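Undergrad: Predicted model follows, preceded by the sequence.
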Amino acid sequence: MLITMRFLCLLAALCVSAGAASRYEGRGLVVAADPEHHTLTISHEAIPGYMDAMAMPFEVRGRSLPPGTNVTFTLVVEQRRSWIENVREAPFASAERDPSLAKRLELIDRVTGTVPVAVKPGEVVPDFKLTDQAGKAVSLAALLGKVVAVTFVYTRCPLPDYCLRLSNNFDRLSKRFPTSELVLLTISFDPVHDTADKLAQYGGIWKADAARWHFLTGAPKEIERVTGLFGVTAWKDDGLLTHSLHTAIIGRDGRLVANLEGNKFSAKQLGDLVEKTLSR
């Protein structure tokens, strides 16, 4: 399929009049970066007037960004070649009602040492052990050799485009990749309310396979440590929780591949990132 699409793109490029360069604006999610060969593989939205939504590699000129980054870019097409330029990180809509306050609270937490410094892509994610919806212990160390996707929610979240959207993304992942090589971890940052029984009810919304999709809770201190590893912030606000949004992908070697912040990516784009990680 990829070869076919590249051929079609090449054919379209050859139709451009000699000496002319056409420019198209695009938006997508970086799923792989190859600095040595100056390419970015991007799962992009449809590029108006040129191509449908797909995941494909582009030659990149100028700035390159790591996997998991939402980007905008300009696709330049000449008669015999094409590339992307003006690659920029795309802003996302935060779930926090006061993002500046969230950043200040996070900075205070970091300085006082109450939460760990977030893991960076390429670093090994420290082990943790939590309890799933069946009351069973699940440790990250036991999942070495598998690709692990992690996200954070709380079951009382009332907004459909925040926690429910992240959980729906995982439901789409579980259907797209019905394999034991991918494990999904949905971690609650509201352990006082989100007991194993409550998480079992929540997982039932998606008829989650408990062998591959774990909804996790634990002691508040351990939950705080784990959320801190991924840069997640949450605090009480008028009876609910104001929080940031993070979805992380961990490779088979236990190293962080990407930490997607926000909710401005599609389930398909997340799936393309997972597919690339599974193929390594």
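TA: Cool, the structure landed. Just so it is clear, the structure is predicted and the values come from calculations on it, not from any experiment. Numbering: from 1, shown residues only.
Undergrad: ok, which stretches of the protein are strands?
TA: 22-34, 39-44, 54-59, 70-77, 82-89, 129-131, 137-139, 147-153, 182-188, 213-216, 234-237, 240-243, 246-250, 256-261 (DSSP state E).
Undergrad: what's the most buried one of those strands?
TA: strand 213-216 (a mean of 26; mean count of other Cβ atoms under 10 Å). No exception for glycine: its C-beta is placed from N, CA and C like everyone else's.
Undergrad: helices and strands around that strand, which ones?
TA: strand 182-188, helix 196-204 (3 or more Cβ pairs under 8 Å, 6 or more residues apart in numbering; DSSP states H and E).
Undergrad: Please identify which of the strands of the chain is closest to residue 271.
TA: Nearest to residue 271 among those is strand 39-44; the distance by Cβ to Cβ comes to 8.2 Å.
Undergrad: contacts for the closest one?
TA: 26-34, 53-60, 64-65, 71, 73, 84, 87, 268-269, 272-273, 276 (Cβ atoms under 8 Å, 6 or more residues apart in numbering).
Undergrad: And for stretch 57-73?
TA: Applying Cβ under 8 Å, 6+ apart, the external contacts of stretch 57-73 come out as 25-35, 38-42, 75, 81-90, 92, 121, 249, 257-260, 262, 264-265, 273, 276.
Undergrad: got it, and stretch 175-189?
TA: 130, 138, 143, 146-155, 166-167, 170, 173-174, 194, 199, 203, 208, 211-217, 223, 226-227, 232, 234, 241, 243, 271, 274-275, 278.
Undergrad: show me the contacts for residue 272.
TA: By Cβ under 8 Å, 6+ apart, the contact set of residue 272 is 29, 31, 43, 55.
Undergrad: how near is it to residue 143?
TA: Counting by Cβ to Cβ, to the nearest Å, the gap from residue 272 to residue 143 is 22 Å.
Undergrad: likewise residue 129?
TA: Residue 129 sits at a distance of 11 Å from residue 143 (criterion: Cβ to Cβ).
Undergrad: And the helices and strands packed on strand 213-216: which comes nearest residue 125?
TA: Of the helices and strands packed on strand 213-216, nearest to residue 125 by Cβ to Cβ is strand 182-188, at 11.0 Å.
Undergrad: Redo the contacts of residue 272 as TSV? Include pLDDT and distance to residue 125.
TA: Listed next are the contacts of residue 272 as TSV, based on pLDDT from 0 to 100; distance: Cβ to Cβ, whole Å:
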residue	pLDDT	distance to residue 125
29	93	21
31	94	19
43	94	23
55	92	25
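Undergrad: tell me the contacts of the nearest residue to residue 41 once chain neighbours are set aside?
TA: Spatial nearest neighbour of residue 41, excluding adjacent residues (Cβ to Cβ, 6 or more residues apart in numbering): residue 32 at 4.0 Å. By Cβ under 8 Å, 6+ apart, residue 32 lies in contact with 40, 41, 57, 67, 276.
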